[in-house]
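J.: below is the structure, and that's it, no one-letter string:
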């Protein structure tokens, strides 16, 4: 426990963090999660408290903040009293007692609840392995800790988690990345707000949860207009109707027919079979770090000034245990060159962050203004793109050619390639099954094909299909038109098992836990429903793209696996003629070629009562439905039901038309037109 000497904070350098300063930091990073929402229920701020001086300062500041501002609102959510969660990693004998003492201390602050979650490591200990001896114990503990915190947030229906990362943590992170040789894109440090990491596949935590919430009788977020707004809209519509004098097709007794959603469904083409798009997910838990602007000395002074005890983890003082401990020892015991001291490194971090923000904004402008993302189909997980021309000179623009045009264009090419790479990553995010997107420096080969005018060498021959990072790029070549590309999930490799999740309800048992779930005790079990129906409590992620939920009233074993042509023959033969014809049309127009092999299909295993951990062979599966296409066997909903949605995507990049402006390339440097240049142009146009 640290010292409480008043000389540590009664000076002009090290002073405690004031509540108002803390509130300003919170307001700066807590942006509304759903700006279009008209109303939201109260939420519980969840605090990740380890017991160190930084996390205890966070708990104290939150306690004082909610006492000072009883109606505190974070983002667009009114709040309940905060809840502190302490994760016991069970790596030291005294860790359990320390966790309970931390929880007791936090409860003593008066306005914060607390709880302890323990990682038991059952699977490893059962095999006689001490988890503390694992070489990757730091990364493994981090992953399990975030998953526990994410599940706790979901149980408390909290959309935000607050951690106690501070300025010194930022400094140490930047030094480690400098030692690793990162460029400026890797020197941006810890973000003040981002989606919760290490929680992929957990519904309601990782970029999901809104659709289920909106189906509940009392949703936590309401997007419908309030009564006052409804009356105001009714008056506006009535005035417009009276002023226009014409018939207005509107139900004046209700606004149920008005959709307040930012996305507008595309017009239905008469020659294509209509397929209702799948809803895309949204929501999840955000991680906020309000203490990044405060140094550890100020947090220590905050605890000392207010008599808040903290607990020092002895493993943090061992400089041989982790790289961060070694960097912390180096910073605390040696004087580094001025360029590596905290002010210089943090200033470099801010410059890197600003540069990245500008580059990302430029990439988004390229996608929106040029309408690159033409047609996104959530049912098949495909995206048609129309890449613009970036590097070539616009011959028909009428712009006079200048002496150094070629040199200037060549100098802009690296920046244009970077912006094109960032834009390509945004496009890949719509269809890729990967958990993380590739680094911009690795997307160069894709940029060469999508933007051939930026390639070092002009392309030879017709464009060909290729795969990259789980995405298949298939060219759409038509005479007289620029090449478009169809992006879809890459075909599955025969050397790797296809994505599969199963539910075995033959013996009323829970789904088999993975090693990670057994280690941490994180299980999503099914629950009994009325009239003998069983269902999954939360949807499951399939292939990194689809969220699927199952319910059944029979004791069978079900699988969700990719579409297989050999299993589909029997499935088609079992369909009525009209449904069979519709399936043929849907596959032809929405899932041509290899795309259909990536569609999710619902199967029933016809094997005996084998071990549910064993992988069922494909010949023992009977296809029941293609959930994303809305095709199923007749009468299937009497004994098994399913719901399916697509992962969260950035819908703001979709739609719109390409402008006809002749201002030249959208990407790259565009110099301002000064007085001297205007005069030269006038002389050239009017000699």
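T.: Nice, thanks for sending it over. Note that the structure is a prediction, hence the values are computed from the model and not measured.
J.: okay, strands next: where are they in the stretch 51-200 of the chain?
T.: 73-74, 77-78, 83-88, 113-118, 160-162, 193-195 (DSSP state E, counting those that start in this stretch).
J.: reformat the ones you listed as a markdown table; add mean neighbour count.
T.: For glycine as for every other residue, the C-beta is placed from the backbone atoms N, C-alpha and C. Shown next, in a markdown table, are the strands of the stretch 51-200 of the chain (neighbours: other CB atoms under 10 Å):
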| stretch | mean neighbour count |
| --- | --- |
| strand 73-74 | 18 |
| strand 77-78 | 19 |
| strand 83-88 | 23 |
| strand 113-118 | 18 |
| strand 160-162 | 24 |
| strand 193-195 | 14 |
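J.: in TSV: those, plus mean pLDDT.
T.: Shown next, in TSV, are the strands of the stretch 51-200 of the chain (pLDDT from 0 to 100):
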stretch	mean pLDDT
strand 73-74	92
strand 77-78	94
strand 83-88	95
strand 113-118	94
strand 160-162	96
strand 193-195	95
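J.: of all these, which lies closest to residue 629?
T.: Evaluated over these, closeness to residue 629 peaks at strand 193-195, with 29.6 Å, by CB to CB.
J.: show me the contacts for the residue nearest the centre of the chain.
T.: For the chain, residue 207 is the residue whose C-alpha lies nearest the centre (CA atoms, centre = their mean; 5.0 Å). Shown in contact with residue 207 (CB atoms under 8 Å, 6 or more residues apart in numbering): 195, 281, 282, 283, 284, 647, 648.
J.: dump the strands of the stretch 51-200 of the chain to JSON lines, plus distance to residue 494.
T.: As requested, these are exported to JSON lines (distance: least, CB to CB, whole Å):
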{"stretch": "strand 73-74", "distance to residue 494": "49"}
{"stretch": "strand 77-78", "distance to residue 494": "48"}
{"stretch": "strand 83-88", "distance to residue 494": "41"}
{"stretch": "strand 113-118", "distance to residue 494": "41"}
{"stretch": "strand 160-162", "distance to residue 494": "41"}
{"stretch": "strand 193-195", "distance to residue 494": "33"}
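J.: out of those, flag the one nearest residue 313.
T.: Nearest of the strands of the stretch 51-200 of the chain (CB to CB): strand 83-88, 11.9 Å.
J.: for the closest one, which strands pair with it and how are they oriented?
T.: strand 46-48 (parallel), strand 113-118 (parallel) (DSSP bridges).
J.: which of these sits closest to residue 304?
T.: Taking those one by one with CB to CB, strand 46-48 is closest: 20.2 Å.
J.: contact partners of that closest one?
T.: Strand 46-48 has contacts (CB under 8 Å, 6+ apart) with 55, 58-59, 62, 82-85, 87, 112, 149, 152-153, 156, 158, 160-164.
J.: same check, this time on stretch 216-232
T.: So stretch 216-232 is in contact with 34, 36-41, 43, 157, 210, 213-214, 233, 255, 260-261, going by CB under 8 Å, 6+ apart.
J.: quick check, nearest of these to residue 350?
T.: When the contacts of stretch 216-232 are compared against residue 350 (criterion: CB to CB), the nearest one is residue 34, at 29.0 Å.
J.: please report phi then psi for residue 532.
T.: Note on residue 532: backbone dihedrals following degrees, to the nearest 10 are phi 80, psi 10.
J.: is it true that it touches residue 551?
T.: No - using CB atoms under 8 Å, residue 532 makes no contact with residue 551, being 10.8 Å away.
J.: neighbour count winner among these two?
T.: Neighbour totals were compared for residue 532 and residue 551, and residue 551 leads with 18 against 9 (other CB atoms under 10 Å).
J.: show me the domain layout of the protein.
T.: Structural domains annotated on the chain: 14-167+190-213+283-312, 356-490+660-685, 501-651, as defined by automatic domain parsing.
J.: returning to what we had before: any chance of the strands paired with strand 83-88 in a markdown table, with distance to residue 139 too?
T.: Formatted as a markdown table, the strands paired with strand 83-88 follow (distance: least, CB to CB, whole Å):
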| stretch | distance to residue 139 |
| --- | --- |
| strand 46-48 | 17 |
| strand 113-118 | 19 |
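J.: off-centre distance for whichever strand or helix holds residue 357?
T.: Using DSSP states H and E, residue 357 sits in helix 342-369. Relative to its chain's centre, helix 342-369 lies at 19 Å (CA atoms, centre = their mean, to the nearest Å).
J.: stretch 549-565 - what's its average pLDDT?
T.: Predicted confidence along stretch 549-565 averages 93 (mean pLDDT).
J.: with stretch 142-152 instead?
T.: 94.
J.: is residue 545 in contact with residue 646, as I believe?
T.: Yes - the pair residue 545 / residue 646 is scored as a contact, 6.7 Å apart, by CB under 8 Å.
J.: overlap in contacts, those two.
T.: Common contact partners of residue 545 and residue 646 (CB under 8 Å, 6+ apart): residue 381.
J.: mind listing the helices for the stretch 501-650 of the chain?
T.: For the stretch 501-650 of the chain, applying DSSP state H, counting those that start in this stretch gives helices covering 515-520, 565-573, 577-590.
J.: highest mean neighbour count out of those?
T.: helix 515-520 (a mean of 17; mean count of other CB atoms under 10 Å).
J.: and whichever strand or helix holds residue 332, what does it pack onto?
T.: Here residue 332 sits within helix 323-333, counting by DSSP H and E. Secondary-structure packing of helix 323-333 (3 or more CB pairs under 8 Å, 6 or more residues apart in numbering; DSSP states H and E): helix 167-179.
J.: next, the angle helix 342-369 makes with the helix it packs on.
T.: 80 degrees (axes from the mean of the first three to the mean of the last three CA atoms, to 10 degrees).
J.: and for helix 167-179, what's in contact with it?
T.: Counting by CB under 8 Å, 6+ apart, residues outside helix 167-179 touching it are 54, 186-187, 189-190, 291-296, 323-324, 327-328, 331, 340, 342, 345-346, 348-349.
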